[in-house]
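Chemist: With the sequence up front, the predicted model follows.
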Amino acid sequence: MLDEVVTWPKPGLVDPISNAGHTDMNVYTFINSSVTMMPYFKACWNLGNQFQESDLTELFRQLRPIGVTAEKTMFAATNGVNTHKGIVFILGIMVTALGYANQKKLNTVFDLINIEKQMTTGLVKNDLEKASTGLLTAGQKQFQQLGLTGIRGETEAGFPLVIEYGLPIYESAQLPQNERNLIALLAIIAHNYDSNLIKRAHNSDLVTQVQTDAQQIVTNYQETGRLDKDRLEKLCDKCATHNLSLGGSADLLILTIFLEKLIK
Ligand SMILES: CC(C)(COP(=O)(O)OP(=O)(O)OC[C@H]1O[C@@H](n2cnc3c(N)ncnc32)[C@H](O[C@H]2O[C@H](COP(=O)(O)OP(=O)(O)OP(=O)(O)O)[C@@H](O)[C@H]2O)[C@@H]1O)[C@@H](O)C(=O)NCCC(=O)NCCS
Ligand SMILES: Nc1ncnc2[nH]cnc12
């Protein structure tokens, strides 16, 4: 989480130099939020490591109240600002899966994703199809209006954006660490229907533009081995001009970094 927030310059995301149009958070908000999470991750790992039943959806059911408490702790650390709601969810699941994998002596990314998929089977159906009216979140509204499944769909499908785009380019990139993080982030942005982006863009043209701009930088990197900083600055400017946020993609970069640290 700290690796992600210090990466610079990120489009639509807080870094140490710029708040990228976010008026309620800066790099310190993210540091405060990140450092509250260790007890939560320990609890997740213990839950997975001690779980004895065979139905892994039950493991996810037991995790959820622990995640709700961690979300409250995050909001208390940031004076009510949403820094890491997505990653509390994603890493909570993955660290629980890691505890379970440890117990079963399983140790590949494939195993971990397999466990995580079993834990979250039915998530879209249970969480999104059942959400009715009333006060809906951005993810719930986008499911009802556009059929997008957001963070829940990505999780239930085994994080294809990370496995197919983020992690391969991150693992192979021969770049300094900061640029390596950036190229993985851009590879994710190029394909992600990030509910934060969609919420703030208000029109699908802008969403497509951001994805296309990110893909052009990735393609250029694949052809030249270099990260085109001018194009990246232009994408950062575009996101700032339109007040766009790419919080979901940031979370998937965090998962990419997490998985790579496990492989190493
Ligand atoms: C399943 C939950 C995550 C709840 O989801 P919910 O329905 O409450 O919210 P969503 O709108 O669906 O989005 C949740 C966050 O997920 C991240 N995200 C979005 N799209 C994707 C995607 N395609 N892939 C992966 N991740 C995605 C994103 O989180 C990040 O962005 C946040 C910062 O964004 P920002 O724009 O600055 O701030 P906002 O708060 O949106 O406000 P404005 O400034 O625009 O006004 C930050 O959180 C990042 O982490 C989405 O925000 C889960 O929370 C849940 O199930 N909750 C219930 C309780 C529970 O069970 N908890 C945990 C159990 S382990
Ligand atoms: N650096 C960042 N800026 C804004 N939202 C985020 N969510 C996760 N990381 C973020």
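Modeler: Nice, thanks for sending it over. Ligands and ions are numbered 1, 2, ... in the order given.
Chemist: Let me know how buried Thr256 is, in neighbour terms.
Modeler: 29 (other C-beta atoms under 10 Å). For glycine as for every other residue, the C-beta is placed from the backbone atoms N, C-alpha and C.
Chemist: now Pro39
Modeler: 11.
Chemist: For it, give me the pLDDT.
Modeler: You'll see Pro39 listed with a pLDDT of 97.
Chemist: is ligand 1 contacted by the worst-scoring helix or strand of the chain on mean pLDDT?
Modeler: Ranked by mean pLDDT, DSSP states H and E, the weakest helix or strand in the chain is helix 138-146, scoring a mean of 93. Yes: Helix 138-146 comes into contact with ligand 1 (C-beta under 6 Å from any ligand atom), by way of Ala138, Gly139, Gln140.
Chemist: try stretch 159-171
Modeler: No: using C-beta under 6 Å from any ligand atom, stretch 159-171 never reaches ligand 1; the gap is at least 6.8 Å.
Chemist: buried set for that stretch?
Modeler: Phe159, Leu161, Val162, Ile163, Tyr165, Gly166, Leu167, Ile169, Tyr170 (16 or more other C-beta atoms under 10 Å).
Chemist: How much space separates Lys130 from Lys85?
Modeler: Distance, Lys130 to Lys85, using C-beta to C-beta, to the nearest Å: 20 Å.
Chemist: Name the residue in those two with the higher neighbour count.
Modeler: Lys85 (18 against 7).
Chemist: circling back: ok, so of the residues of helix 138-146 next to ligand 1, who is nearest Lys264?
Modeler: Gly139 (32.2 Å; C-beta to C-beta).
Chemist: Around ligand 2, pick out the residues from the chain.
Modeler: So far as C-beta under 6 Å from any ligand atom goes, the chain lies against ligand 2 at Glu4, Val5, Leu13, Val14, His22, Phe30, Ser245, Gly247, Ala250, Asp251.
Chemist: close to ligand 1, is the helix or strand that the least confident helix or strand of the chain is followed by?
Modeler: Next in sequence after helix 138-146, counting helices and strands by DSSP states H and E, comes helix 150-156. Yes: using C-beta under 6 Å from any ligand atom, we find that helix 150-156 touches ligand 1 at Gly150, Ile151, Arg152, Glu154.
Chemist: what's the average pLDDT for helix 150-156?
Modeler: 97.
Chemist: CA-only coordinates of that helix in CSV, if you can.
Modeler: C-alpha atoms of helix 150-156 as CSV (Å, rounded to 0.1, in the frame of the first residue of the first chain):
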residue,chain,number,x,y,z
GLY,A,150,-16.9,-3.6,-10.5
ILE,A,151,-14.7,-4.8,-7.6
ARG,A,152,-17.0,-7.8,-6.8
GLY,A,153,-16.9,-9.1,-10.4
GLU,A,154,-13.2,-8.7,-10.5
THR,A,155,-12.8,-10.6,-7.2
GLU,A,156,-15.2,-13.4,-8.1
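Chemist: That'll do, ta.
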